[in-house]
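Participant: Okay, here's the prediction I keep looking at, along with the sequence it came from:
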Amino acid sequence: MSKPTYEMLEQRVRQLEGLAAEREHTRDREGLEKERAQSYLDIARVAILALNGKGEVTLINRRGCEILGREEEEVLGKRWVDHFLPERIRNEVATVLRKILAGDSEPLEYYQNPVLTKTGEERTIDWYNTLIRDRSGKAVGTLSSGEDVTERVKAQEALARTYKELAHFSNDLEILVEERTEELKEKNKQLVEAERLAALGRIANSVAHDLRNPLTVIGGFARRMFETTPDDDPNKRYLRIMIEEVMRLENRVSQIISMEQAEKACEGLSPTSGEASE
């Protein structure tokens, strides 16, 4: 081998060694940058998720793994829809994702859906999404940040149930108040009627007491005149009629007075005690 050829070869080897060293340095720098970026992702309190064009997980941070209850190696490379979403929404989400990556639909900047943890529990996540594009602008994947809002959603649902129950209670209460109001109106009406009848009874009783003595006197005189009038006297027939009518009125007065005494007895007051208290 000639000297120039040897020098050229030696120079080429040094160049290759330099390139190799530079590439090694670049790999080390990229590794450090990647580790730094991963550390930034891991301290975030939201899930960070990246999917490629096939819907496979290419990146997930520590918070995302915590939500799923899985290690990173259990998630990377898996189809997100098939492994980490409830079965009932898989077709819907897969269709939307396919249309977005194909450019047939605008990406949903915000979307809420449940995810499936390793234990089978569902957690509700608020996702904020963007597209990953290549240099030509073609969509090649998605990048999403997700916040676990399960407890907040449960609280909202519980609050909604409480409002609904309160609305039912309020409606039932209004119906009950209306029913009780009608009952009170009826009771009040009955009370007014009872008071009216009681007032009439007191008036009738007072009149009965006032009439008793005059009727006794009239009846007494009518009987004496009837006894002393000859049978052939035409006025004797009128006296008999007068005595009968007086007796009828006396019976009615006695009935009224008896009713008053019965009412007082029902109230726990006897006529004697009432007079004594007066």
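Facilitator: Structure's in. What do you need?

Participant: Count residues in the vicinity of Val93, would you?
Facilitator: By the criterion of other Cβ atoms under 10 Å, Val93 has 16 neighbours. Glycine gets a C-beta too; all of them are placed from N, C-alpha and C.

Participant: so how far is Ser105 from it?
Facilitator: Per Cβ to Cβ, to the nearest Å, Val93 is found 13 Å from Ser105.

Participant: same deal with Met247?
Facilitator: Applying Cβ to Cβ to Met247 and Ser105 gives a distance of 108 Å.

Participant: now swap in Glu179 and tell me
Facilitator: For Glu179, the distance to Ser105 - Cβ to Cβ - is 56 Å.

Participant: just Leu197 next, same as before
Facilitator: With Cβ to Cβ as the criterion, Leu197 and Ser105 are 82 Å apart.

Participant: Quick check: closest non-adjacent residue to Asn52.
Facilitator: Gly141 (4.6 Å; Cβ to Cβ, 6 or more residues apart in numbering).

Participant: does that neighbour belong to a helix or a strand, and which?
Facilitator: Per DSSP states H and E: Gly141 is located in strand 139-148.

Participant: Each with direction, which strands does that strand pair with?
Facilitator: Strand pairing for strand 139-148, determined by DSSP bridges: strand 47-52 (antiparallel), strand 122-133 (antiparallel).

Participant: okay, now the residue nearest to Asn52: neighbour count?
Facilitator: Gly141: 18 neighbours (other Cβ under 10 Å).

Participant: before we move on, back to that, now the strand holding Gly141: how far from the chain's centre is it?
Facilitator: 35 Å (Cα atoms, centre = their mean, to the nearest Å).

Participant: ok, the spatially most central residue of the chain to Ala47 distance?
Facilitator: Geometric centre of the chain, nearest residue: Lys164, 2.1 Å, by Cα atoms, centre = their mean. The spacing between Lys164 and Ala47, counted by Cβ to Cβ, is 32 Å.

Participant: Many thanks, have a good one.
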